[in-house]
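S.K.: Structure for this input, please:
(2 chains)
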Amino acid sequence: MERIPILKLGDCLLVSIQVDMHDRLAMQLQDDLTARIAATAARGVLIDISGLEMVDSFIGRMLGNIAAMSSVLDAETVVVGMRPAVAITLVELGMSLPGVRTALNVEKGMELLSASTADGGGHGPALG
Amino acid sequence: MTQTGTALLAEILRRDSQSILTEWTRLQLDSMATRRELMSEAELVQQSRDFLTAFTTALATGASYDAHSPIWSSVREFLARISDSRARQGFTPTETAIFVFSLKQPLFNRLRTTITDATALAQEVWTVTLLLDSLGLLTTEVHQKSRDGVIMRQQQEMLELSTPVVTLWDGILALPLIGTLDSARTQVVMENLLQRIVDSGSSIAILDITGVPTVDTLVAQHLLKTVAAARLMGADCIISGIRPQIAQTIVHLGVDLNAVTTKATLADAFNTALKRLSMTIVKNPAGAAPASPASASASQR
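M.R.: Numbers count the residues shown, from 1 in each chain, chains lettered A, B, ... in the order given. Below you'll find the model as predicted:
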């Protein structure tokens, strides 16, 4: 069965979505990701959606949900690499994802995550 | 009746074409005495002669006074061409229509001297009036259409011209908005901005609305949409150039701009953007000639 790989990078998890999402894949990702966050005690989740060309309200909601779930599990989510067309579509759908942090590309997203996990202190560095 | 009518008018036009032309052009020149600079007399005479020729031909070949019939198609095309060029030259619709309507007087004069029977004359005048009226209305219609075409083209050009995205500094984009923001323009602006954000990898965009004359709820909503879309891509937006009056309007309308950083001037916004990128502009020590107008020292976070 098709799955989206979740890579562990230090105390962050890296999810790169390179295929067009369908609903079941999105649900699967949600399950896998929450399980991995709990298992690895990750402090940050970086979702790269530069390969995503189409979004609907479901995928938009899923991104918001993943961010909310991660935050419950004490991990911060950054969504990076959103395409202009996707951003416009989400805004027109009325989903501006207020709880999600964003960055232009993976590099900037990692900077953002490392800055905020360093601020947060706690057990982050100990795991690295 | 109509058969003899057309033939009669065609006959009159053939016989008196030169004098009708002279009288008609004189009437036209009188009516546009103040607008002489738009068109030369020779051009006017040429157009009038061409029209009379086409008009006479249509009268002679056909037995119909109905301007919509195929017989009159060449006359209609000729008139459309004239109206189109006059619209571009800056004539008003009235002045364009007078081209046709002023032909009435010379024609009616000839009819009056040719037909002696009062009833026949009235009948003839009526049919000729109908014909010339519909031709005159045609000029107005074409005039209107070509004006609409000009407006549409200008609108399109304005849309393309008015959305430049400027790189202010490495990582800072500025978008000086000028003119009223409507949905179509916002769409173009948004697409341009987002594309430039991707291309340049900029993380801060400054929307400068100094040139936006009024901000109502719709414009504010469009601005907020652009800001939200840029944020989704990972770029921060700063709105600058808010005039005092616009600030008052925004508050009176109850528009919530709290989610967006707003600054009074573009300079303020630029300063804030530099701060966010951990950059400062420093003045060179006294005496040393500056290598560049402003030098920024970037420090890594």
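
S.K.: Measure how far stretch B:42-49 is from the centre of its chain, please.
M.R.: 28 Å (C-alpha atoms, centre = their mean, to the nearest Å).

S.K.: Can you name the residue of chain A nearest chain B?
M.R.: Nearest to chain B in chain A, going by C-beta to the nearest C-beta, is A:P84, at a distance of 3.4 Å. Placement of C-beta: from N, CA and C, glycine included.

S.K.: Tell me how many other residues surround that residue.
M.R.: 20 (other C-beta atoms under 10 Å in any protein chain shown).

S.K.: wait, doesn't it sit right on B:M233?
M.R.: Yes: A:P84 lies in contact with B:M233 (C-beta atoms under 8 Å); the separation is 6.8 Å.

S.K.: helices or strands next to whichever strand or helix holds B:D133 in the packing?
M.R.: For B:D133, the element it lies in under DSSP states H and E is helix B:118-161. Where contact means 3 or more C-beta pairs under 8 Å, 6 or more residues apart in numbering or on different chains; DSSP states H and E, helix B:118-161 is packed against helix B:2-31, helix B:73-89, helix B:93-101, helix B:104-114, helix B:183-200.

S.K.: Using PDB, write down the CA coordinates of the second one.
M.R.: Taking C-alpha atoms only, helix B:73-89 is exported to PDB below (Å, rounded to 0.1, in the frame of the first residue of the first chain):
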ATOM      1  CA  SER B  73     -24.300  45.800 -47.100                       C
ATOM      2  CA  SER B  74     -21.500  47.700 -48.900                       C
ATOM      3  CA  VAL B  75     -22.900  51.000 -47.700                       C
ATOM      4  CA  ARG B  76     -23.200  49.700 -44.200                       C
ATOM      5  CA  GLU B  77     -19.600  48.400 -44.300                       C
ATOM      6  CA  PHE B  78     -18.400  51.800 -45.600                       C
ATOM      7  CA  LEU B  79     -20.200  53.700 -42.900                       C
ATOM      8  CA  ALA B  80     -18.800  51.300 -40.200                       C
ATOM      9  CA  ARG B  81     -15.300  52.000 -41.400                       C
ATOM     10  CA  ILE B  82     -15.900  55.800 -41.300                       C
ATOM     11  CA  SER B  83     -17.500  55.700 -37.900                       C
ATOM     12  CA  ASP B  84     -14.700  53.500 -36.500                       C
ATOM     13  CA  SER B  85     -12.000  55.900 -37.800                       C
ATOM     14  CA  ARG B  86     -13.900  59.000 -36.500                       C
ATOM     15  CA  ALA B  87     -14.300  57.400 -33.100                       C
ATOM     16  CA  ARG B  88     -10.500  57.000 -33.000                       C
ATOM     17  CA  GLN B  89     -10.000  60.600 -34.200                       C
END
